[in-house]
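1. Give me a model of this one.
(chains A and B)
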There are 2 protein chains.
Amino acid sequence: MWDKANLPLIVLVRPQLGENIGKAARAMLNFGLTELRLVEPRDGWPNPSAGPAAAGADEVLERATVHPTLADAVADCAQVYATTVRKRGVTKPVLTPAEAAEAIHRESGRSALVFGPERSGLETDDVALARAIVTVPVNPEFGSLNLAQAVILCAYEWSKSQSLAQPTAEDLLPPAPQDELEGMIAQIDAMLEARGYFHPAGRSATTRRTLRGVLTKPAWNHLELRTFRGVLTHLNRKPRDP
Amino acid sequence: MWDKANLPLIVLVRPQLGENIGKAARAMLNFGLTELRLVEPRDGWPNPSAGPAAAGADEVLERATVHPTLADAVADCAQVYATTVRKRGVTKPVLTPAEAAEAIHRESGRSALVFGPERSGLETDDVALARAIVTVPVNPEFGSLNLAQAVILCAYEWSKSQSLAQPTAEDLLPPAPQDELEGMIAQIDAMLEARGYFHPAGRSATTRRTLRGVLTKPAWNHLELRTFRGVLTHLNRKPRDP
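-> Predicted structure coming up:
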């Protein structure tokens, strides 16, 4: 019933309460998701409050891994979805949970659904890592989903469209894992830094975020990334005399 | 935005904890549902534990009504949906939350979504009042939805099939016109040509096609293309001395 090979994983970024980690695990397992990754859980890990709240979803907690950064947590993922409440000025595609579920089933490679801390949600730099944003369309006058509720709605939508999963074209490569993308971004960043692209310093964070957006959008696969890195390597050389 | 005339109401039959009544109210209001009816709440009503758990959904709690029986609570309803986990020997239609939401929108008259007590769920006599049964399709090896989670999934599905204002990608620009794309490709081509990227000449047509594929895939918009051309302009400069 569950296609174990391509289950999306759930990433909780800086979760505060162990109880909420347990509730998220319970929400996941209800819909067949088992892989949980934690980025800097506030109270460390394991957390004694998580187990009781998981209501039997212990296998999810036992298998959970802890990561120092979101980039590390999604390094092997081809598709990263950041969940946020509606954001202004975001230039990434905004999907409903149903649309994200369809996309996860349609594309190949591992997918991650990323959730921010209970109160504040994901920070801009976390969102910047993602290919797309997932927003639950809530009552505009009362949007108050807690962490486990956001997780359960996404997990539920994924399990719903599970039966609709289409076999993907074999010759269509998945987007390269996130760490390959990061390698390319680091390469171009160093080249641009050496050429003064990020000056003035006061604007460099914004400039970097814009550049990251441009380079993340293509969802290049392994071969395409390799081609692009070859291009960069050549561009780093001096032009020949004509 | 919300079709106030035909909002389904939520009926909680013999709920045990005030906290769960509050959580259900919060779940409802997130998706625009405001009418809550309580049948024989164990600890009476109002319940001081409900308010804090409602996290601001006080209007739902204040308007909640108490009823001696389920029959009384749904007396004015044209469609009654009983949510259950197991369905032994049930001869009624069994719907998913999505199917129930569609039915509610399709038919006229008031609808009620009925939820049983936390531990035991609805009794057979309660289910007998319903036209149809709603069951959330959960992991067959781990079905552990709590009351508020069952409510939120049903409310979410109802709101989905309501024509909600979805977060749109309104600030997403369309891909840039082809001539802008060609201008960028010509720029990078000239830079790469000067650096020997297309050698040996016998493979240059294939190499160009591959590169074009990589650069066409992103479907960059006007602003993204402008950013990328700025990157190229900088990469064409000599690196500064460290």
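
2. which residues of chain A fall in helices?
-> A:18-30, A:50-54, A:58-63, A:70-73, A:97-106, A:124-128, A:147-162, A:178-194, A:204-216, A:222-235 (DSSP state H).

3. So what's the gap between the longest one and the chain middle?
-> Read it as helix A:178-194. Here helix A:178-194 is found 19 Å from its chain centre; the criterion is C-alpha atoms, centre = their mean, to the nearest Å.

4. so what secondary structure elements neighbour that helix?
-> Judged by 3 or more C-beta pairs under 8 Å, 6 or more residues apart in numbering or on different chains; DSSP states H and E, the packing partners of helix A:178-194 are helix A:70-73, helix A:204-216, helix A:222-235, helix B:222-235. All C-beta atoms are positioned from the backbone trio N, CA, C, and that covers glycine.

5. Can I get it as CSV, trimmed to CA atoms?
-> Provided in CSV are the C-alpha atoms of helix A:178-194 (Å, rounded to 0.1, in the frame of the first residue of the first chain):
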residue,chain,number,x,y,z
GLN,A,178,20.6,19.4,-2.4
ASP,A,179,24.3,19.0,-1.5
GLU,A,180,25.3,19.0,-5.2
LEU,A,181,23.3,22.2,-5.7
GLU,A,182,25.0,23.7,-2.7
GLY,A,183,28.4,22.8,-4.1
MET,A,184,27.6,24.6,-7.3
ILE,A,185,26.3,27.7,-5.4
ALA,A,186,29.5,27.7,-3.4
GLN,A,187,31.6,27.6,-6.5
ILE,A,188,29.8,30.5,-8.2
ASP,A,189,29.7,32.4,-5.0
ALA,A,190,33.5,32.2,-4.6
MET,A,191,34.0,33.3,-8.2
LEU,A,192,31.6,36.3,-7.8
GLU,A,193,33.1,37.3,-4.4
ALA,A,194,36.5,37.5,-6.1
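
6. between that helix and helix B:222-235, how big is the angle?
-> Here helix A:178-194 runs at an angle of 60 degrees relative to helix B:222-235 (axes from the mean of the first three to the mean of the last three C-alpha atoms, to 10 degrees).

7. which regions of chain A sit below the pLDDT cut-off?
-> By pLDDT under 70, the weakly predicted segments of chain A are A:1-5, A:86-89, A:163-172, A:241-242.

8. Outline the domain layout of it.
-> Structurally, chain A divides into domains by automatic domain parsing as follows: A:4-162, A:178-235.

9. Of the helices of chain A, flag the one that's most buried.
-> helix A:18-30 (a mean of 26; mean count of other C-beta atoms under 10 Å in any protein chain shown).

10. who's in contact with residue A:14?
-> Counting by C-beta atoms under 8 Å, 6 or more residues apart in numbering or on different chains, residue A:14 touches A:39-42, A:116-117.

11. How about residue A:181?
-> Counting by C-beta under 8 Å, 6+ apart, residue A:181 touches A:175, A:215-216, A:220, A:225.

12. and the gap between it and chain B?
-> The spacing between residue A:181 and chain B, counted by C-beta to the nearest C-beta, to the nearest Å, is 13 Å.

13. same thing with residue A:217?
-> From residue A:217 over to chain B the distance is 5 Å, taken as C-beta to the nearest C-beta.

14. Quick check on the residue nearest to that residue when sequence neighbours are not counted: phi, psi?
-> Spatial nearest neighbour of residue A:217, excluding adjacent residues (C-beta to C-beta, 6 or more residues apart in numbering or on different chains): residue B:218 at 5.2 Å. Backbone torsions for residue B:218, taken as degrees, to the nearest 10, come to phi -60, psi -20.

15. give me the number of residues near residue B:218?
-> 20 (other C-beta atoms under 10 Å in any protein chain shown).

16. picking up where we left off before, can you lay out the helices of chain A as CSV showing distance to residue B:149?
-> Converted to CSV, these look like this (distance: least, C-beta to C-beta, whole Å):
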stretch, distance to residue B:149
helix A:18-30, 7
helix A:50-54, 13
helix A:58-63, 16
helix A:70-73, 25
helix A:97-106, 15
helix A:124-128, 26
helix A:147-162, 6
helix A:178-194, 31
helix A:204-216, 33
helix A:222-235, 39
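
17. picking that back up, TSV for the contacts of residue A:181, including distance to residue B:159?
-> Output for the contacts of residue A:181, formatted as TSV (distance: C-beta to C-beta, whole Å):
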residue	distance to residue B:159
A:175	32
A:215	36
A:216	31
A:220	36
A:225	40
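
18. which one of the domains of chain A lies closest to residue B:48?
-> Distance to residue B:48, taken as C-beta to C-beta, is lowest for domain A:4-162 among the domains of chain A, at 20.1 Å.

19. Return stretch A:206-216 as PDB; C-alpha atoms alone will do.
-> Extracted C-alpha coordinates of stretch A:206-216, given in PDB (Å, rounded to 0.1, in the frame of the first residue of the first chain):
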ATOM      1  CA  THR A 206      19.900  40.100  -0.200                       C
ATOM      2  CA  THR A 207      22.000  39.700  -3.300                       C
ATOM      3  CA  ARG A 208      23.000  36.200  -2.300                       C
ATOM      4  CA  ARG A 209      19.400  35.300  -1.600                       C
ATOM      5  CA  THR A 210      18.300  36.600  -5.000                       C
ATOM      6  CA  LEU A 211      21.100  34.600  -6.700                       C
ATOM      7  CA  ARG A 212      20.200  31.500  -4.800                       C
ATOM      8  CA  GLY A 213      16.600  31.900  -5.900                       C
ATOM      9  CA  VAL A 214      17.700  32.000  -9.600                       C
ATOM     10  CA  LEU A 215      20.000  29.000  -9.200                       C
ATOM     11  CA  THR A 216      17.500  26.900  -7.200                       C
END
